[in-house]
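Enquirer: Structure of the sequence below:
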Amino acid sequence: MRALLEQFLDYVSLEMGLSPNTRAAYADDIGRFLDWLAGKGVKSLNDVTRKQILDHLLAEKARGLAANSLSRHLVSLKVFFRYLVQEGLLSVNVAETMESPKVWKMLPSVLTPKESERLLAAPDVKKPLGLRNRAILELFYASGLRVSEMTGLQLTDLHFDENFLRCIGKGRKERVVPVGDTAIKWVERYIKDVRPQLVPDPQEQTVFLSKRQQPMSRKTVWDMIKKCARDTGITKKISPHTLRHSFASHLLANGAPLRIIQEMLGHADIATTQIYTHVDPDRLKGVHRQFHPRA
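Expert: Predicted coordinates:
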């Protein structure tokens, strides 16, 4: 089964031209499924049933996998099974008609404005890496970037004299994101005072570097954010995407048009952005009071 996974991964990379990040996500999702099957004694994908796929997804949910990740996990399995059938390596695609159960759909976790302030203030800016971490947190909250977009930022992407940056998002699509003065101040301070200490190669253009003098990985950023949350007593399950969700929710709560938020987040479909309309209960109550005749 592992050989079939490697064949599929080569296909999505070489034939479909998907990004290394997408390839890695497929490898992780499908690899966990194959490990789970092995633990159940299943030795051939032709023996897999719909019930086993559902049981695996339920096990992932019990393990703490978020709703959006579960949905992506199922999509990965469906694409994998479809490929195997197309190549004649599997007789029946038992995943073809499976859909994500509606009960798994949930609203994204967001920080309150006060929690956001606490998180941003968590790093010790008297230390070089603390100053770097503060710059990263400020830029996350100010721009709504994905973690892969943050770690991929190049110096040439920053146009702080005009209060914006450029980033490469999903599907290699480039977008322009406005950035506020506070975030710009912290990033420029990091670039001036800390980054020169982390650059062994003068040709290196990546903005945020690790103590090993290399571009930061997504996991390093993730771990840093979780540590800052623990240090400030924030008990919510938090990730880099939590800051992206908070960025969008706080914009919407303060009256920003949904279409503008969609553009800043880089969502291809506004339906993805519309989930934030359900996150802020105070906004919903305000709309109800304003427009309902019996409010």
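Enquirer: in the chain, which spans are strands?
Expert: Counting by DSSP state E, the chain has strands at residues 158-159, 164-168, 174-178.
Enquirer: would you list every one of the helices in the stretch 51-200 of the chain?
Expert: 67-86, 113-120, 128-143, 147-151, 181-193 (DSSP state H, counting those that start in this stretch).
Enquirer: least reliable of these going by mean pLDDT?
Expert: Mean pLDDT values for the helices of the stretch 51-200 of the chain show the minimum at helix 67-86, a mean of 86.
Enquirer: Which strands or helices does that helix pack on?
Expert: For helix 67-86, the packing partners by 3 or more CB pairs under 8 Å, 6 or more residues apart in numbering; DSSP states H and E come out as helix 2-10, helix 20-39, helix 50-62. Just so you know, the C-beta spots here come from the backbone N, C-alpha and C atoms, and that holds for glycine as well.
Enquirer: Out of those helices, which is closest to Leu137?
Expert: helix 20-39 (21.9 Å; CB to CB).
Enquirer: what's the average pLDDT for the closest one?
Expert: Mean predicted lDDT for helix 20-39 stands at 91.
Enquirer: Equivalent analysis for stretch 227-237, please.
Expert: On average, stretch 227-237 scores 91.
Enquirer: Can you spell out the domain ranges of this protein, please?
Expert: Per automatic domain parsing, the structural domains of the chain span 2-104, 113-288.
Enquirer: Highest mean neighbour count out of these?
Expert: domain 113-288 (a mean of 16; mean count of other CB atoms under 10 Å).
Enquirer: can I get the helices and strands packed on helix 67-86 in CSV with distance to Phe160?
Expert: Supplementary listing: the helices and strands packed on helix 67-86 in CSV, determined by distance: least, CB to CB, whole Å:
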stretch, distance to Phe160
helix 2-10, 39
helix 20-39, 26
helix 50-62, 41
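Enquirer: Quick one: closest of the ones you listed to Phe247.
Expert: Across the helices and strands packed on helix 67-86, closest to Phe247 is helix 20-39 (CB to CB), at 20.7 Å.
Enquirer: what's the spacing between the closest one and its chain's center?
Expert: Centroid separation for helix 20-39 versus its chain: 18 Å, with CA atoms, centre = their mean, to the nearest Å.
Enquirer: can you list contacts of it?
Expert: The contact list for helix 20-39, computed with CB atoms under 8 Å, 6 or more residues apart in numbering, reads 1-2, 5, 8-9, 12-13, 18, 45, 48, 52-53, 56, 59-60, 72-73, 76-77, 79-80, 148.
Enquirer: mind listing what Ser239 touches?
Expert: Taking CB under 8 Å, 6+ apart, one finds 147, 222, 225-226 in contact with Ser239.
Enquirer: Can you give me the distance of it to Leu129?
Expert: For Ser239, the distance to Leu129 (CB to CB, to the nearest Å) stands at 20 Å.
Enquirer: now do Ser246
Expert: Distance from Ser246 to Leu129, by CB to CB: 23 Å.
Enquirer: repeat for Lys78
Expert: Lys78 is 41 Å from Leu129, by CB to CB.
Enquirer: next one: Gln205
Expert: Counting by CB to CB, the gap from Gln205 to Leu129 is 20 Å.
Enquirer: do the same with Asp28
Expert: From Asp28 over to Leu129 (counting by CB to CB), the distance is 28 Å.
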